[in-house]
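Next come a sequence and a model predicted from it.
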Number of protein chains: 4
Amino acid sequence: MKIAILDGGGRRDGNTQTLTERVVDGIEVSRFGLKEYDIHAISDERHEEDGFHAVDDDYDALMTEVMKHDVILFATPIYWYSMTATMKGFIDRWSQSMRQPKFADFREQMAEKKAFVVAVGGDNPYVKGLPMIQQFANIFEFVHLPFEGYILGKAHRPGDILDDESALYAADRLHQKLKEWTS
Amino acid sequence: MKIAILDGGGRRDGNTQTLTERVVDGIEVSRFGLKEYDIHAISDERHEEDGFHAVDDDYDALMTEVMKHDVILFATPIYWYSMTATMKGFIDRWSQSMRQPKFADFREQMAEKKAFVVAVGGDNPYVKGLPMIQQFANIFEFVHLPFEGYILGKAHRPGDILDDESALYAADRLHQKLKEWTS
Amino acid sequence: MKIAILDGGGRRDGNTQTLTERVVDGIEVSRFGLKEYDIHAISDERHEEDGFHAVDDDYDALMTEVMKHDVILFATPIYWYSMTATMKGFIDRWSQSMRQPKFADFREQMAEKKAFVVAVGGDNPYVKGLPMIQQFANIFEFVHLPFEGYILGKAHRPGDILDDESALYAADRLHQKLKEWTS
Amino acid sequence: MKIAILDGGGRRDGNTQTLTERVVDGIEVSRFGLKEYDIHAISDERHEEDGFHAVDDDYDALMTEVMKHDVILFATPIYWYSMTATMKGFIDRWSQSMRQPKFADFREQMAEKKAFVVAVGGDNPYVKGLPMIQQFANIFEFVHLPFEGYILGKAHRPGDILDDESALYAADRLHQKLKEWTS
């Protein structure tokens, strides 16, 4: 059982990162800080005669690595009531992967994995973050990736997340589950 | 009454573009194809001691231009049940603008404008695009930008939007309104 | 092709009724004003040993009639950001029908029908009515009833709906479609 | 600090009731089982010349009692992806109360209270129950009632809720809070 963290954040030691690290404390995971990669915005060539052209960036190699994992934690601060553009840009590229031979069986592979979302926001995330959860649900449903759960946290300033006891509890519960799965 | 189109699309002559051009046919507008600009992902430095650092890209100049308009059309294909990462990346940077002297009175200025959303998607956008509309509503409310209306269209292959009569009607109605406003 | 209107409204000649009558103008339809029927709130006996008990009210006879139709228009004013309690109470009873021999093949029958929603509200229905649309989508999906479209209208005082040109247009389009289907 | 439970359920000892009783265990509360009251569907007479007519049922007396409390727990099983018709019917009547002298200052009074939602459903409530949460948020915002939190639980058969550890934890946390408030 291999676990990947897709970190969409824009700040080191941000609240989302703090919460996510609590989830995986002491567990072997692969961390992918999306911001560290060069990922171009998708060029929508679905309808070009010769389909998508190869893109000279880090996406394919990164996605190839991600696909080797059984559990994917989508960890993103809530920016403007949804995932960061960095994370969205990564997901947007899936449209290309789904048409590439090297990602053949994209959905079949996704169907074998489990997805979790960890997201922290400052402006009433428990209500205003819900469209984002619905959006993730739609995304995962489209690629047949089972949506196993989500953790919403509320925090504004660095460290605030440690005051959100509900989020910490949910993190600890997910920690237990992942620990069982990996032992 | 100056009108700006913020085009978040990733394809020339895409369905969203077709629909948006119908809205502004014969009307003087400024077109900002976000993909043509170099806009870095936001580096969340809200909580750094010295705040956000200047970023060497096109964002500030672009945003300065956008702010000169009275009506903003957010035109985006629906990728993965929300706006494109390109458009999201532009909006994410507002967090920085709101703290910059050069965008002082950000909300006050936004409150004087009017926003419209034009979005076209292929997978049941009339239902699965609704979280995106709710997200836009949250965004606009936060910056006090009046959300005057939205047009959802359904299209998959190039040109399909011309078969969505409801979307075309809505485009024509918005066209009439903008024409009155600008005459 | 038989058409039924399920009218969840609480007012004669209300805006929702005006809009719905425009949809079916000159078309033969069955009108079911839910308020005229005696429909008890569901008594949740799913888990009783002997299941649901027969209820002495109008529901079964009404539902039997409704099931004879091929198109169902769910027409409801938006009260408190969702359908009226009258309409919800009718739908709540479906839980019972789905377990009754007299409604055997409930889902199979529903899968052959087409559903439309017509809903008019006063407080920003185009945004604040969206959770209701999502709820209807969930309901219809559960019973396998194809969700063919919805019309949202904005109106506060009697007759206001005649000023909502978008809603009128959508009503006229649905009118055309139903006319074709029934001719 | 007086606490009221508005129980919209249709089953004795249902999962929602179990969860709600855990929240208020050992705390003095007023329990209002809405199903035990005779509450007519609202007759929308907002626009009648002489306004709403008095209705001969239990609503006014019940609402008068409810308004004497400082905290209101809206406890409802999730039927068809939203609150029960019984609870919706009670809320629908608020439209009348807001226009009655005996409920003068309806919003001002509501603004002094705190609302919580406790809702249990069987079909993926953590995702498919979200439109209901958004609906409650809209309702509470309209009457200026602070929305202090919600607990979603997953359960299908009687007693199942005891297996939803997240819901139990959230119930225990709310229990602590209410205990502090009332001591």
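Here it is on my side, so go on.

Run a quick check on A:Asp160 versus A:Thr16, I expect a contact.
No. Using C-beta atoms under 8 Å, A:Asp160 makes no contact with A:Thr16, being 11.3 Å away. From N, CA and C alone the C-beta is placed, and that goes for glycine too.

what about these two, which has more around it?
The neighbour comparison of A:Asp160 against A:Thr16 (other C-beta atoms under 10 Å in any protein chain shown) goes to A:Thr16, with 26 against 15.

Now do the contacts for that one.
A:Asp7, A:Gly9, A:Ala75, A:Thr76, A:Pro77, A:Val118, A:Ala119, A:Val120, A:Gly153, A:Ile161 (C-beta atoms under 8 Å, 6 or more residues apart in numbering or on different chains).

need the residues you listed in a markdown table with pLDDT, can you?
Output for these, formatted as a markdown table (pLDDT from 0 to 100):
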| residue | pLDDT |
| --- | --- |
| A:Asp7 | 97 |
| A:Gly9 | 93 |
| A:Ala75 | 98 |
| A:Thr76 | 98 |
| A:Pro77 | 97 |
| A:Val118 | 98 |
| A:Ala119 | 98 |
| A:Val120 | 98 |
| A:Gly153 | 98 |
| A:Ile161 | 97 |
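
in chain A, which helix or strand is least confident?
Within chain A, judged by mean pLDDT, DSSP states H and E, the helix or strand with the poorest mean is helix A:94-97; its value is a mean of 94.

Mind checking what helix or strand follows that helix in sequence?
The helix or strand immediately downstream of helix A:94-97 is helix A:106-111, counting by DSSP states H and E.

Distance from that next one to the middle of the chain?
Relative to its chain's centre, helix A:106-111 lies at 16 Å (C-alpha atoms, centre = their mean, to the nearest Å).

Touching, A:Ala111 and A:Pro146? I think so.
Yes. Under the criterion of C-beta under 8 Å, A:Ala111 makes contact with A:Pro146 at 7.3 Å.

Do a quick rundown of the strands in chain A.
For chain A, strands defined by DSSP state E occupy the ranges A:3-7, A:29-33, A:71-77, A:114-121, A:147-154.

quick one: A:Gly122 from A:Trp80, how far?
Counting by C-beta to C-beta, to the nearest Å, the gap from A:Gly122 to A:Trp80 is 11 Å.

nope, A:Gly153 is what I meant
17 Å.

just A:Tyr126 next, same as before
A:Tyr126 is 17 Å from A:Trp80, by C-beta to C-beta.

next one: A:Lys102
Counting by C-beta to C-beta - A:Lys102 and A:Trp80 are separated by 33 Å.

Give me the more crowded residue out of the two.
A:Trp80 (24 against 10).

what sits against the more buried one?
Shown in contact with A:Trp80 (C-beta under 8 Å, 6+ apart): B:Lys88, B:Ile91, B:Asp92, B:Trp94, B:Ser95, B:Gln135, B:Asn138, B:Ile139, B:Phe142.

How about A:Val120?
Contact partners of A:Val120, counting by C-beta under 8 Å, 6+ apart, are A:Gly14, A:Asn15, A:Thr16, A:Leu19, A:Pro77, A:Ile78, A:Leu152, A:Gly153, A:Lys154, A:Ala155, A:Ile161, A:Ala167.

Now with 10 Å, please.
A:9, A:14-20, A:75-78, A:129, A:151-156, A:160-161, A:164, A:167 (C-beta atoms under 10 Å, 6 or more residues apart in numbering or on different chains).

Just the buried ones from the residues you listed?
Buried members of the contacts of A:Val120, scored by 16 or more other C-beta atoms under 10 Å in any protein chain shown, are A:9, A:14-20, A:75-78, A:129, A:151-155, A:161, A:164, A:167.

Output the longest helix belonging to chain A.
helix A:165-182 (DSSP state H).

List the buried residues of that helix.
Using 16+ other C-beta under 10 Å as the test for burial, helix A:165-182 gives A:Ser166, A:Ala167, A:Leu168, A:Tyr169, A:Ala170, A:Ala171, A:Arg173, A:Leu174, A:His175, A:Lys177, A:Leu178, A:Thr182.
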